[in-house]
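Participant: can you look at this prediction? I've put the sequence above it.
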Amino acid sequence: SVNRLVSNPPALRTEIISDYQVFLDLEPAWSNAVKAAETEHPFLEQSWIHTWWECFGAGSALHILLVKEGDEIVAIAPLISTSVRMFGIPVRRLGFFYNAHVPRSGFIVVRRHKEAHRAIWNHLISERKSWDLLQLCQLPEGSPTLENMRGLAMEADFPADVWLSGDSPYVTLDSSWLEYYAGLAAKARSNLRNRFKRLNQIGPVAVETVMVKDSVPEALECGLRLEESAWKRDAGTAISCDPQVRKFYEVFAARAADRNWLRLNFLKAGTQRVAFDYSLAYNNQIFLLKLGYDPAHSACSPSNLLLSMAVEDAFARGLTKYDFLGENADWKRCWAKDSTRNYWLFIFAGSPKGRLLHFLKFRFTPWLKNTVLKSRSRREANA
């Protein structure tokens with residue numbers, strides 16, 4: 001018999017990045033890790049996270065966890081530490097670089113997935129006295145981060161639960177535009193034909209796409225005016241309503257243009273720009289971030305016409321997906337039959353405080369809402 005020596009893989013070690021300059025210096029290695037991990041979306045690229053931190057990071061501290069094999073990065077857990085309140089209780093929260101402008105997130109794992117997640121978890125356990133809640137937002141369905149971290153928490157008897165945040169519609173571009181268009185509702189096709197005809201009476205309808213960095217400031221300024229000119233300004237949700245939000249989209253536009261990701265699309269009727277979208281082209285896909293139109297032409301549904309031409313162009317370019325991101329909505333369902341479910345994972349510390357927060361969030365609050373709804377239904381039935 002022959003004795004064979006089986007060498008075990010090198011042990012994984014963890015390292016915390018809390019210094020801003022060290023974080024910036026990680027950019028080449030971070031980008032290589034995102035590419036090696038075959039990350040489908042751009043929202044884990046360092047340029048996105050870096051921009052988010054510049055615009056929204058006030059009040060938080062960097063807590064980025066690297067998992068290394070020797071000097072090589074195997075995984076990155078992009079976390080920040082923030083003091084918040086839940087149910088009036090002060091909470092030390094670890095979580096992603098997240099707010100309402102982040103469509104998707106997760107850990108970046110290059111290889112040795114289960115071991116890397118366990119290394120992250122073991123590190124968090126080692127510092128469990130410094131946090132009350134690990135809140136991981138916008139994890140897509142099937143995310144290894146979602147499955148592995150929840151399993152590890154339950155194994156360690158840490159209270160953990162998942163909350164469905166919503167569905168993000170998308171179009172899979174695996175056929176042809178003609179076949180896809182034929183599958184749209186007859187009324188939707190009729191509306192598109194009639195509105196294209198109506199808008200063509202103002203001037204020839206075409207799409208203008210701005211990608212070059214030098215042209216971005218003027219184009220984005222025009223796009224933001226369109227985005228705020230309809231109902232969003234009155235609702236307070238337009239990009240320009242918040243200086244930090246505006247800064248985020250402006251700064252990231254320049255950085256995305258440097259990487260050839262940015263697509264600022266305008267629907268034009270003659271020389272007039274009547275609709276706008278802010279999209280990213282990444283990994284052979286299109287990600288729609290923002291959309292707006294001139295309400296003076298609302299009878300022509302300019303946003304829908306722009307979407308029609310953008311999706312047709314994505315088919316023509318041989319791309320694989322057009323992702324609408326965000327929440328599901330009627331106007332998105334007209335275009336997309338498929339959607340990605342996104343979840344938030346809440347892992348509470350095993351302390352009395354953590355268990356109380358878990359009870360209030362996932363037991364008491366749902367019970368209270370259900371009780372109120374039942375009471376309201378009974379009152380309405382007896383009215």
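Facilitator: Nice, thanks for sending it over.
Participant: make it CA atoms for all contacts and neighbour counts henceforth
Facilitator: Fine.
Participant: run through the residues that contact residue 328.
Facilitator: Residue 328 is in contact with 166-169, counting by C-alpha atoms under 8 Å, 6 or more residues apart in numbering.
Participant: which stretches in this protein count as helices?
Facilitator: Using DSSP state H, the helices of the chain run over residues 20-25, 27-36, 46-56, 113-126, 144-155, 177-182, 186-200, 216-229, 231-235, 243-258, 302-316, 330-333, 352-359, 365-382.
Participant: coming back round to it: in a markdown table, list the contacts of residue 328 along with pLDDT.
Facilitator: Below are the contacts of residue 328 laid out as a markdown table (pLDDT from 0 to 100):
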| residue | pLDDT |
| --- | --- |
| 166 | 90 |
| 167 | 94 |
| 168 | 95 |
| 169 | 96 |
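Participant: which among these count as buried?
Facilitator: With burial judged by 16 or more other C-alpha atoms under 10 Å, the buried subset of these is 166-169.
Participant: so where's the chain uncertain?
Facilitator: Across the chain, residues meeting the criterion (pLDDT under 70) sit at 1-8, 383.
Participant: show me how far the longest strand seen in it is from its chain's centre.
Facilitator: Counting residues, the longest strand found in the chain (DSSP state E) is strand 160-172. Here strand 160-172 is found 11 Å from its chain centre; the criterion is C-alpha atoms, centre = their mean, to the nearest Å.
Participant: how about the helices of the chain, which one is nearest residue 132?
Facilitator: helix 352-359 (5.7 Å; C-alpha to C-alpha).
Participant: buried ones in that closest one?
Facilitator: So, applying 16+ other C-alpha under 10 Å, buried residues of helix 352-359: 353-355, 357-358.
Participant: next: stretch 258-269.
Facilitator: For stretch 258-269, a neighbour-count test (16+ other C-alpha under 10 Å) marks 261-269 as buried.
Participant: ok, now stretch 60-67?
Facilitator: In stretch 60-67, counting by 16+ other C-alpha under 10 Å, buried: 60-67.
Participant: how far away from the center of its chain is that stretch?
Facilitator: With C-alpha atoms, centre = their mean, you get 19 Å for stretch 60-67.
Participant: what about residue 103, distance to residue 61?
Facilitator: According to C-alpha to C-alpha, to the nearest Å, residue 103 stands 21 Å off from residue 61.
Participant: same check on residue 263?
Facilitator: From residue 263 over to residue 61 (counting by C-alpha to C-alpha), the distance is 32 Å.
Participant: next: residue 143.
Facilitator: 25 Å.
Participant: can you check residue 175 too?
Facilitator: 46 Å.
Participant: repeat for residue 156
Facilitator: From residue 156 to residue 61 the distance is 26 Å (C-alpha to C-alpha).
Participant: and if you look at residue 343?
Facilitator: According to C-alpha to C-alpha, residue 343 stands 24 Å off from residue 61.
Participant: ok, now how distant is the residue lying closest to residue 48 once chain neighbours are set aside from residue 274?
Facilitator: Leaving out its chain neighbours, the residue that sits closest to residue 48 by C-alpha to C-alpha, 6 or more residues apart in numbering is residue 252, at 6.8 Å. Distance check for residue 252 against residue 274: by C-alpha to C-alpha, it reads 24 Å.
Participant: tell me which residue is most central in the protein.
Facilitator: residue 103 (1.5 Å; C-alpha atoms, centre = their mean).
Participant: distance of that one relative to residue 290?
Facilitator: With C-alpha to C-alpha as the criterion, residue 103 and residue 290 are 12 Å apart.
Participant: just to revisit the earlier point, and residue 252 and residue 274? Which one has more around it.
Facilitator: Neighbour count, other C-alpha atoms under 10 Å: between residue 252 and residue 274, residue 274 has more, with 26 against 18.
Participant: list the contacts of that one.
Facilitator: 226, 266-268, 293-294, 297, 302.
Participant: does residue 278 touch residue 263 like I think?
Facilitator: Yes: at 6.2 Å, residue 278 and residue 263 qualify as touching, with contact defined as C-alpha atoms under 8 Å.
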